[in-house]
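Visitor: here is a sequence with its predicted model. Questions after.
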Amino acid sequence: MNVLAGKKLRHGENLRSKLLEVFSILYKIYGPQSWWPADSNFEVVVGAILTQNTNWSNVEKAIVNLKRENLLRPLALRNISTKKLAALIRPSGYYNVKTKRLKNFLDFLFTRYGGKLAKMKPNALLTLRREILDINGIGRETADSILLYALEKPIFVIDAYTRRIALCLGLICKESRYDDMQAIFMQNLPHNARLFNEYHALIVAHSKSACRIKPDCLRCVLHNEKRGIR
DNA sequence: GACCAGGCACATC
DNA sequence: GATGTGCATGGT
């Protein structure tokens, strides 16, 4: 369970105001992110699967290969052989595993929604989440990335960046599990897809930034921001 | 050459 | 349920 929700933090701040403050400062520093970096909702899904435990620059190489072959369309990707798909996504690593996972998602998409992501959108968030999590190879993070960034559903994505920053800020402990961490954000922020989109994207932007302080240590940024130091 | 990067499933205990 | 392991590339 969420052991920290509602608990008073130092300086009398509660979790809700702390989370909003962090968002406000990140937004002020990095500006609107308007994620995900993709040309279509389907490309978001492909990227979410390819980026599993992989550097994004490697994923970009695979995406470029797929675009070159005009394969970033559900039907086209469903119709190519696993051998060809594996060769094209090779730069993203774990290419045999990820080929199966992409095909699994496509099987689901065509079986249940006629190959159209748009047909998924009207369904309730939790219904969709259950369905997507049933696909072999799609875990919580990938499912939530698809739900938030491809289907615009209000769910907070927990990834390695979020974990590191939340740990740094004392919002979670090392033992916290995915659902616990997600509850910290979901129970203390308005359920708004645009807010969750920007918040997570800003966390990634900060984590990847080459700021002079240790990128993972948001505490330093918060401290300096309050003192007017950039 | 070692280490790391936006996971996940599966086997084992 | 917790822990260990396999899956693989490209950048530093």
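Guide: Yes, it's here.
Visitor: what about A:Leu88, neighbour count?
Guide: A:Leu88: 22 surrounding residues under other CB atoms under 10 Å. In this view, the C-beta of every residue, glycine as well, is placed from N, C-alpha and C.
Visitor: so which helix or strand takes in the nearest residue to it once chain neighbours are set aside?
Guide: Computed as CB to CB, 6 or more residues apart in numbering, the closest residue to A:Leu88 that is not its neighbour in sequence is A:Asn65, at 4.3 Å. Assigned by DSSP states H and E, A:Asn65 falls within helix A:56-68.
Visitor: CA atoms only: put that helix into CSV for me.
Guide: C-alpha atoms of helix A:56-68 as CSV (Å, rounded to 0.1, in the frame of the first residue of the first chain):
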residue,chain,number,x,y,z
TRP,A,56,16.4,5.4,-26.7
SER,A,57,19.1,6.2,-29.3
ASN,A,58,19.1,2.5,-30.2
VAL,A,59,15.4,2.5,-30.5
GLU,A,60,15.5,5.4,-32.9
LYS,A,61,17.7,3.4,-35.2
ALA,A,62,15.2,0.6,-35.3
ILE,A,63,12.3,3.1,-35.8
VAL,A,64,14.2,4.7,-38.8
ASN,A,65,14.6,1.2,-40.3
LEU,A,66,10.9,0.6,-40.0
LYS,A,67,9.9,4.0,-41.4
ARG,A,68,12.3,3.5,-44.4
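Visitor: now do the SS call for the closest residue to A:Leu26 other than its chain neighbours.
Guide: Once flanking residues are discounted, A:Leu26 sits nearest to A:Leu202: 4.0 Å by CB to CB, 6+ apart. Assigned by DSSP: H, G, I helix; E, B strand; the rest coil, the conformation of A:Leu202 is helix.
Visitor: go ahead and confirm A:Leu202 touches A:Tyr27.
Guide: Yes. Using CB atoms under 8 Å, A:Leu202 is in contact with A:Tyr27, at 6.2 Å.
Visitor: who has more neighbours out of those two?
Guide: A count of neighbours by other CB under 10 Å puts A:Leu202 above the other of A:Leu202 and A:Tyr27, at 23 against 15.
Visitor: check contacts around the more buried one.
Guide: A:23, A:26-27, A:30, A:33 (CB atoms under 8 Å, 6 or more residues apart in numbering).
Visitor: any idea how far the residue nearest the centre of chain A is from A:Thr82?
Guide: Among the residues of chain A, the one closest to the centroid is A:Ser145, at 4.0 Å (CA atoms, centre = their mean). Distance, A:Ser145 to A:Thr82, using CB to CB, to the nearest Å: 23 Å.
Visitor: need the contact list for the residue nearest to the centre of chain A.
Guide: A:Ser145 sits in contact with A:36, A:44, A:48, A:157, A:159, where contact means CB under 8 Å, 6+ apart.
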